[in-house]
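**Q** Okay, predicted coordinates and the sequence, questions at the end:
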Amino acid sequence: HRGRKQVVNGVERFGVSMAPDLLSRFDEVIAARGYTNRSEAIRDIVRDYLIEQQWESGEGEVIGTLTLVYDHHEHDTMEQLTALQHHYHEAILSTLHIHLDAHHCLEVIVVRGSSTDIRRLADKVITTRGVKHGKLTCTTTGQDLA
């Protein structure tokens, strides 16, 4: 439902109805995170939702990180990961490799490209034998955000 627009200094105001318990919990969370008012928190929530929709739609360019932990002693894991990274070299901006212990490595791969291509790369990397955990975190280049 859209009511009469209230635009002041380029910002449109609108009302939100919410159950008191839900609002109270929201206020506690945003105060703990350091927000000074609800509007700031709601703007961030809306931006996050729009970025997620862009990511899921497969449209536009995304940027993000692919983080994985793997056992480098597992047969051919490092070779397979390196081959995948070379195959998708246009989508990979940078990598960070850290030796966690005698067997495990952490790798953070910074990626940029279409959400479809980035998801395909992430799925192949995460399902590589020897990868114990992988997570893709995507955001936006910021060009379409207000």
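**A** Noted; the coordinates are in hand.
**Q** could you pull out the helices for this structure?
**A** Listed in chain order, the helices of the chain (DSSP state H) span 20-33, 38-57, 77-87, 115-126.
**Q** and the last one, average pLDDT?
**A** This points to helix 115-126. Across helix 115-126, pLDDT averages out at 92.
**Q** Tell me who's in contact with residue 77.
**A** Contact analysis of residue 77 by CB atoms under 8 Å, 6 or more residues apart in numbering lists 70, 71, 128, 129, 130, 131. No exception for glycine: its C-beta is placed from N, CA and C like everyone else's.
**Q** That one and residue 139, how far apart?
**A** Distance, residue 77 to residue 139, using CB to CB, to the nearest Å: 28 Å.
**Q** cool, and residue 57?
**A** From residue 57 over to residue 139 (counting by CB to CB), the distance is 15 Å.
**Q** May I have the beta-bridge partners of residue 136?
**A** Judged by DSSP bridges, the bridge partners of residue 136 are residue 66.
**Q** what about residue 80, distance to residue 50?
**A** Counting by CB to CB - residue 80 and residue 50 are separated by 35 Å.
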